[in-house]
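Visitor: quick one, fold the following:
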Amino acid sequence: MRDGKIEDLIFVEGLRLVEEALRSDLKIEGIFLSETFLERGKNLTENVAADVSLFTVSENIFSSLADTKTSQGVVLIARKPETGKHKIEANLAKIEQKPLVIVLHRINNPSNLGAILRTAEAADVCGVVLTVDSTDVFSHKSLRVTMGAAFRLPIWADADFVEILQWARENNLISSAADVRAEKNYTEIDWNKPRLLVFGSEAHGLSNEETSQIEEKLKIPMANGVESLNLAVSAGVILFEAKRRNGG
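Guide: Got it, this is the predicted structure:
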């Protein structure tokens, strides 16, 4: 392994996710393979760059490396992708359609986070902002659900909520958020305008103070007395309406 701190590395397990990592721009430190994986993983090993180290280990040793009980026999170690608002700003400068940036504020469920990132990539979102106290986007549990989206999306992590809103104003993005008290449905919003779409935590959403700082509120109408949807589902509903209305 090259010099570096353990906190600067990410742990990628499973054939599909390792394949996604290999087709992304990650800096690969090494790949660990179980002895039995070599029998069925020929295509993977043939497509690995020559400068990437491959380590074959016994089943007993590999089981101590794996995070899952029924591992597929392959683990990849890579440098954590660079994050920051400059990553999103670079994307804003080159896209042609009206940009949509999403904010995940104090999201603490890795599965929800992973699902939203996967949806964000599919909906062609310009970037994702994670506030301080959100779960780690590069944790193994989050990565497993993103199916590679976290390797490719521009991400700004550990951001301050107030700073984000100020940044949005400076970049002419209209801050928007779901609110059950909103007068407009999500289908009535003008998605042809550049927007910053904010989602609050699963348990608490946005506080009244935080909501008061949002420029435009929207709601998802629901039938049969249902009060709310799962966070990832809500994000999917809104993001694909925005994509549809923006010519996607």
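Visitor: need the three-state assignment for Arg169.
Guide: helix (DSSP: H, G, I helix; E, B strand; the rest coil).
Visitor: which strand residues bridge the residue lying closest to it once chain neighbours are set aside?
Guide: Among residues not flanking Arg169 along the chain, Ser175 sits closest, at 7.9 Å (Cβ to Cβ, 6 or more residues apart in numbering). All C-beta spots, glycine's among them, are computed from the backbone N, C-alpha and C. Ser175 has these beta-bridge partners by DSSP bridges: Leu196.
Visitor: pull the longest helix from the chain.
Guide: helix 231-245 (DSSP state H).
Visitor: just to be sure, Pro221 is in a helix?
Guide: No - checked against three-state DSSP, Pro221 lies outside a helix; its state is coil.
Visitor: burial count for it?
Guide: 7 (other Cβ atoms under 10 Å).
Visitor: residues touching it, list them.
Guide: Asn185 (Cβ atoms under 8 Å, 6 or more residues apart in numbering).
Visitor: how near is it to Val237?
Guide: 11 Å (Cβ to Cβ, to the nearest Å).
Visitor: my read is that Val75 contacts Leu65, right?
Guide: Yes - under the criterion of Cβ atoms under 8 Å, Val75 makes contact with Leu65 at 5.6 Å.
Visitor: the more surrounded of the two?
Guide: Higher neighbour count among Val75 and Leu65: Val75, with 25 against 15, using other Cβ under 10 Å.
Visitor: so that one is in which element?
Guide: In this structure, Val75 sits in strand 74-79 according to DSSP states H and E.
Visitor: quick check: Asn60 vs Leu22, distance?
Guide: 26 Å.
Visitor: counting neighbours, go ahead and name the busier of these two.
Guide: More crowded of Asn60 and Leu22, by other Cβ under 10 Å: Leu22, with 20 against 8.
Visitor: quick one: residues contacting that one.
Guide: Contacts of Leu22 by Cβ under 8 Å, 6+ apart are Ile28, Leu44, Asn47, Val48, Leu76.
Visitor: and the pLDDT for it?
Guide: At Leu22, the model reports a pLDDT of 90.
Visitor: Met1 too?
Guide: Met1 carries a pLDDT value of 48.
Visitor: and what of the one 4 residues further on?
Guide: What the model reports as pLDDT for Lys5 is 72.
Visitor: how far away is it from Ala78?
Guide: Taken as Cβ to Cβ, the span from Lys5 to Ala78 is 14 Å.
Visitor: what do you get for Glu46?
Guide: Glu46 is 19 Å from Ala78, by Cβ to Cβ.
Visitor: mind checking which of the two has more residues around it?
Guide: Ala78 (23 against 7).
Visitor: list the contacts of Asp160.
Guide: Contacts of Asp160 (Cβ under 8 Å, 6+ apart): Thr131, Val132.
Visitor: which parts of stretch 146-162 are buried?
Guide: 146-157, 159, 161 (16 or more other Cβ atoms under 10 Å).
Visitor: which intervals of this protein have sub-threshold pLDDT?
Guide: By pLDDT under 70, the low-scoring segments of the chain are 1-4, 39-42, 68-70, 247-248.
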